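Asks: Can you look at this prediction? I've put the sequence above it.
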Amino acid sequence: MEKNFPLTGFGTAAVHSGHEQDPNYAHLVPIYASSTFVYDEAEQGMRRFSGQEPGYIYSRWGNPTFTEAEQKIATFETFGVQKNGKQVEAKATLHASGMAAISTLMIANLKAGDKILTHYSLYGGTEELITNLLPPLGISAIITDLRDLNIAEEAMKKDKAIKMLYLETPANPTIQCVDIEELSKLAKQYGMLVACDNTFATPYLQQPFQYDVDFIVHSTTKFLNGHGTSIGGVLLGRDIEFMKKKVYATMKTLGGNANPFDAFLLINGMKTLELRMERHCHNAMEIAHVLERHPAVARVNYTGLPTHPDHYVALKQMRHPGAMLSFELKDGLQAGIDVMNNLKMCVRTVSLGTCDTLLCHPASMTHYSVPKQEKEKYGITDGLIRMNVGIENVQDIIADISQALS
Ligand SMILES: Cc1ncc(COP(=O)(O)O)c(C=O)c1O
């Protein structure tokens, strides 16, 4: 594709963006399975190391297969996003996992004495990082209910040490959403950085850079890859110089770099992001309606339903309400185990973002050994089932779920 050809549709950008002509004219970007890169002469090595000449040096520092994935994700998160009439730009750095990207984000931005302000509905690994690994380094977290803007502002006003507002929306397991625009506005008034985990939504459904957010992270393992074939993560920032210097140096030194094979799988998965998300969301809405009417189901947590407490926040900041939902069975633990055992097509597993429908029963799986009180703090009741609604033909998902429930 010619560099200046204007891409007007997200789906077209998903297919074409980020690709550059391969020197050997390969149609697709090759898997550059090479740990290091060579120089024509010693002077070229000098120029590359000093930054006078662009070029790859060592794959922990960068690799052509990573570059294509990074450019594609940067295009997604900035597609059509403008500030003061100008196109917003961002730089992406690919990582070995979502957790590696989040670790780089924290280490590159925070120092001893700094605090993070965040919402209590958070991915477990992120919570572990901010409550167990960062405190010995002098970085602590305030975890509160950010759905209440008064509570959020009170916390910001009270504590000058808060350096970063960290959002994750929508979030596990009850699909809570926080208002990115309002929280980001408040955080800016108090001079904070704002970061957002956009894994559940994907940039097709939600673009946090629209709301002045500084950093976005993803577990690319999920919807960006889309097929469950690799673990990966990405950190994006709008301050290109900061990304090129501080974030790049942090990623290189921590060593949480991606690998070329996983980057290749990610690139190919991302080409169908728009198509997949449209189908995921269409199916999720239908499933939510079926579950809502089912006599065995006490409650459905899906932001597409007006009964969800964050329905209007989701409507405001997301194109569609997403592919993730959870539902609570009236008969508790045993009913949850029975439904899981009765599944004939949908898959019993953790994780999300794949083409196939995945169901997880936290009380008997991920949270089996967590005390009941602790679980309920996060909305994990005995009868709660989380569902990643896949892209199968919806009547087949309905048939499997209906027979499993009966
Ligand atoms: C919302 C969210 N953020 C981050 C992560 C961490 O990603 P990874 O498993 O790729 O390290 C996950 C993993 O499930 C997640 O669900």
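Replies: Thanks, I have the structure now.

Asks: report the longest helix in this protein, please.
Replies: helix 273-293 (DSSP state H).

Asks: what's next to that helix, contact-wise?
Replies: 9-11, 14, 76, 202-205, 223-224, 226, 297, 300, 302, 304-305, 307, 320-325, 327, 355, 387, 389-392, 394, 397-398, 401-402 (CB atoms under 8 Å, 6 or more residues apart in numbering). C-beta: built from backbone N, CA, C; applies to glycine.

Asks: same check, this time on stretch 394-406
Replies: 282-283, 286-287, 290-291, 294, 296-297, 339-340, 342-346, 357, 389-390.

Asks: Format the CA atom coordinates belonging to it as CSV.
Replies: Extracted in CSV, the C-alpha atoms of stretch 394-406 (Å, rounded to 0.1, in the frame of the first residue of the first chain):
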residue,chain,number,x,y,z
VAL,A,394,-25.4,-17.5,17.8
GLN,A,395,-28.2,-20.2,17.6
ASP,A,396,-25.5,-22.8,18.4
ILE,A,397,-24.3,-20.9,21.5
ILE,A,398,-27.9,-20.5,22.6
ALA,A,399,-28.6,-24.2,22.1
ASP,A,400,-25.6,-25.3,24.2
ILE,A,401,-26.2,-22.8,27.0
SER,A,402,-29.9,-23.6,27.1
GLN,A,403,-29.3,-27.4,27.4
ALA,A,404,-26.5,-26.8,29.9
LEU,A,405,-28.9,-24.7,32.1
SER,A,406,-31.7,-27.2,31.9
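
Asks: how far is it from where the chain is centred?
Replies: Offset of stretch 394-406 from its chain centre (CA atoms, centre = their mean, to the nearest Å): 28 Å.

Asks: Same check on stretch 74-91?
Replies: 18 Å.

Asks: Write out the residues of the protein neighbouring the ligand.
Replies: Taking CB under 6 Å from any ligand atom as the measure of proximity, the chain contacts the ligand at 97-99, 123, 125, 168, 197, 199-200, 219, 221, 231, 233.

Asks: Write the ChimeraX selection for whichever of those residues are buried.
Replies: To isolate the buried ones among these in ChimeraX, judged by 16 or more other CB atoms under 10 Å, type:
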select :97,98,99,123,168,197,199,200,219,221,231,233
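
Asks: Please pick the buried ones from the contacts of stretch 394-406.
Replies: For these, buried by 16+ other CB under 10 Å: 283, 286-287, 290-291, 294, 296-297, 339-340, 346, 357, 389-390.

Asks: among the helices and strands of the chain, which has the poorest mean pLDDT?
Replies: Scoring the helices and strands of the chain by mean pLDDT, DSSP states H and E places helix 372-377 at the bottom, with a mean of 82.

Asks: Determine the next helix or strand in the C-terminal direction from it.
Replies: Remark: after helix 372-377, the chain's next helix or strand is strand 384-388, criterion DSSP states H and E.

Asks: Quick check: what element follows that following strand along the chain?
Replies: helix 394-405.

Asks: Pull out the buried positions in that next one.
Replies: Val394, Ile397, Ile398, Asp400, Ile401, Ala404, Leu405.

Asks: For the longest helix of the chain, give the mean pLDDT please.
Replies: For helix 273-293, mean pLDDT rounds to 98.

Asks: right, and the helix or strand after that helix?
Replies: Heading C-terminal from helix 273-293 (DSSP H and E), you reach strand 297-301.

Asks: Test my guess that Leu137 contacts Gly113.
Replies: No - using CB atoms under 8 Å, Leu137 is not in contact with Gly113, being 10.2 Å away.

Asks: neighbour-wise, which of the two wins?
Replies: More crowded of Leu137 and Gly113, by other CB atoms under 10 Å: Leu137, with 13 against 10.

Asks: so what's the more buried one up against?
Replies: By CB under 8 Å, 6+ apart, the contact list for Leu137 reads Ala112.

Asks: separation between it and Ile116?
Replies: Distance check for Leu137 against Ile116: by CB to CB, to the nearest Å, it reads 12 Å.

Asks: Within the helices and strands, which one has the residue lying closest to Pro203 once chain neighbours are set aside?
Replies: With CB to CB, 6 or more residues apart in numbering as the criterion, Pro203 has its nearest non-adjacent residue at 3.8 Å, and that residue is Phe76. Phe76 is part of helix 64-78 when elements are defined by DSSP H and E.

Asks: Next, count neighbours for Val38.
Replies: 8.

Asks: Next, it: secondary structure please.
Replies: Secondary structure, DSSP: H, G, I helix; E, B strand; the rest coil: Val38 is coil.

Asks: For it, what are phi and psi?
Replies: phi -100, psi 170 (degrees, to the nearest 10).

Asks: In the chain, what residue lies closest to the ligand?
Replies: Gly98 (2.4 Å; CB to the nearest ligand atom).

Asks: what's near enough to touch that residue?
Replies: Residues in contact with Gly98 (CB under 8 Å, 6+ apart) are Tyr123, Gly125, Asp197, Thr199, Val217, His218, Ser219, Thr220, Thr221, Lys222, Gly232, Gly233.

Asks: switch to 6 Å and redo it
Replies: Ser219, Gly233 (CB atoms under 6 Å, 6 or more residues apart in numbering).

Asks: Kindly report the same for the one 4 residues further on.
Replies: Ile102 makes contact with Thr126, Val217, according to CB under 6 Å, 6+ apart.

Asks: Just to be sure, it is in a helix?
Replies: Yes - counting by three-state DSSP, Ile102 is found in a helix.

Asks: can you give me the helices in the stretch 151-300 of the chain?
Replies: If DSSP state H, counting those that start in this stretch is used as the criterion, the helices of the stretch 151-300 of the chain fall at 180-189, 240-242, 248-254, 260-270, 273-293.

Asks: Of all those, which one is nearest Leu105?
Replies: Relative to Leu105, the nearest member of those by CB to CB is helix 248-254, separated by 8.7 Å.

Asks: The closest one: which residues count as buried?
Replies: Using 16+ other CB under 10 Å as the test for burial, helix 248-254 gives Tyr248, Thr250, Met251, Lys252, Leu254.
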